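[1] sharing a model that was predicted from the sequence below.
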Number of protein chains: 2
Amino acid sequence: MPTDTTQLRRARVPLNGVDTPTLFGTLDVVKSQPELARFQFRARNRWTSGTLSETTIDTFSGAGGEHIHKTTFALQADHPAVLVGEDRAPLPIEYLLHALATCITGGIANIAAARGVTLHEVESRIEGDINLLGIFGMSKDVRNGYEGIRASFSIKGDASPEKMQEIVEQSRARSAVFDVLTNGVPVSMSVNAG
Amino acid sequence: MPTDTTQLRRARVPLNGVDTPTLFGTLDVVKSQPELARFQFRARNRWTSGTLSETTIDTFSGAGGEHIHKTTFALQADHPAVLVGEDRAPLPIEYLLHALATCITGGIANIAAARGVTLHEVESRIEGDINLLGIFGMSKDVRNGYEGIRASFSIKGDASPEKMQEIVEQSRARSAVFDVLTNGVPVSMSVNAG
């Protein structure tokens, strides 16, 4: 298996559905023009009724320009009946678990391809524990959000278990969602109620 | 407008598509049995190809038992072409913006209903800035995740701008997703590469 950057660069064949040559080409371009690495992602949301609302995701900026997704993505969220909603879509906090699983899994595919490792299977289960006494305002000692999240990954491929484990660990170490969830991010909010 | 808890309890009519009587009934039950407030949410994910993977959300526990969503929710995430994906679904980190918007918006509907305020419109725009030099491993000074998120809410209803603003602020103050994103959460991870 390649172990240093020079050798990695030789693994220029598409693998795991990842266009590895383009991946390395992109990294080379960003290395010479670091300002291309600045991206902005966006979501617009509109309340529907009750706890149901719909988000539209279509544009983002990055790599020095504006981009439009191939499809305009429409996402909904709702509360289940036991939380006085109509269960028409996943809960907002369930989407956090989805974001974590997909961020690390997408990274695994890229990193495995870059290292010349063929993936056979990647599965994960994510669980988050939350005590709603916080949200309900019934305890000042209980936070609003998850108290803890557990992620368990199962991975199979054509490299040794140690190398497969390293790929998952490298994906975690470079995951944007893992970073945001574990370290937090400043969120500023403005309200127009005019 | 009602201003204290006793008065709030009189506003027992459905409003904004929120079943306010059931909402207050639920809060009363939890107040007398706080252990019912413990919930666990779950997501299972399976890699598809490239940066595409699919999440299944179907069960959760809470209110003293196991629950199954009315629908089995299937969600995907992918990377866009400029990030060497095929743009078949939103990015994992775009889902974080969706989660934030929908959590605060659902809360606004509940809180407005509890306060007897009829909502006409709630819209929001969320933006997140990220410098991918972190993920690409090209700078140790750049984090992997968003550097900052900005949320702007626009709300219309039958109360004064001050009261509408208070409703948004109360929803933010009780939002599970806002708490997780701003304060972070411990995430433990295990890997089975056998």
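    Everything's here; your move. Just so we're clear, the structure is a prediction, and the values are computed from it rather than from any experiment.
[2] can you give me the strands for chain A?
    Secondary structure of chain A (DSSP state E): strands at A:38-49, A:52-62, A:65-77, A:119-131, A:148-157, A:187-192.
[3] tell me what angle the fifth one forms with strand B:187-192.
    In this case it means strand A:148-157. Counting by axes from the mean of the first three to the mean of the last three CA atoms, to 10 degrees, strand A:148-157 points 20 degrees away from the direction of strand B:187-192.
[4] residues near residue A:160, how many?
    For residue A:160, the count of nearby residues is 12 (other CB atoms under 10 Å in any protein chain shown). Glycine gets a C-beta too; all of them are placed from N, C-alpha and C.
[5] what's the pLDDT at it?
    Among the per-residue scores, residue A:160 shows a pLDDT of 98.
[6] what about it, distance to residue A:166?
    Separation of residue A:160 from residue A:166 (CB to CB, to the nearest Å): 9 Å.
[7] average model confidence for stretch A:14-25?
    On average, stretch A:14-25 scores 94.
[8] same deal with stretch A:168-181?
    Taken as a whole, stretch A:168-181 has a mean pLDDT of 98.
[9] does any bit of that stretch sit next to chain B?
    Yes. In terms of CB under 8 Å from any CB of the partner chain, part of stretch A:168-181 sits within range of chain B, namely A:168, A:169, A:172, A:174, A:175, A:176, A:177, A:178, A:179, A:180, A:181.
[10] next, count neighbours for the first one.
    This means residue A:168. Count around residue A:168 with other CB under 10 Å applied: 26.
[11] for the closest residue to it other than its chain neighbours, which residues are in contact?
    Spatially, and ignoring its direct neighbours in sequence, residue A:168 is nearest to residue B:191 (4.7 Å; CB to CB, 6 or more residues apart in numbering or on different chains). Contacts for residue B:191 (CB atoms under 8 Å, 6 or more residues apart in numbering or on different chains) come out as A:152, A:153, A:154, A:155, A:164, A:165, A:168, A:169.
[12] how close does residue B:191 get to residue A:172?
    Computed as CB to CB, the residue B:191 to residue A:172 distance reads 9 Å.
[13] wait, residue A:75 sits on residue A:55?
    Yes. Judged on CB atoms under 8 Å, residue A:75 makes contact with residue A:55 at a distance of 4.6 Å.
[14] list residues touching both of the two?
    residue B:98.
[15] in chain A, what spans have low per-residue confidence?
    A:1-12 (pLDDT under 70).
[16] what distance separates the helix ranked longest in it from the centre of its chain?
    Taking DSSP state H as the criterion, chain A has its longest helix at helix A:92-114. Put simply, helix A:92-114 sits 5 Å off its chain's centre (CA atoms, centre = their mean, to the nearest Å).
[17] what are the contacting residues of stretch A:29-46?
    Applying CB under 8 Å, 6+ apart, the external contacts of stretch A:29-46 come out as A:53-57, A:59-64, B:91, B:93-94, B:97-98, B:101-102, B:105, B:121-133, B:136, B:138-139.
[18] so how far is that stretch off the chain centroid?
    So, by CA atoms, centre = their mean, the centroid of stretch A:29-46 is 15 Å from its chain's centroid.
[19] ok, and for it, which residues are buried?
    Within stretch A:29-46, the residues that count as buried by 16 or more other CB atoms under 10 Å in any protein chain shown are A:30, A:36, A:37, A:38, A:39, A:41, A:42, A:43, A:44, A:45.
[20] now for those: which two are most distant?
    Farthest apart among the buried residues of stretch A:29-46 by CB to CB are A:30 and A:45. That separation is 30.9 Å.
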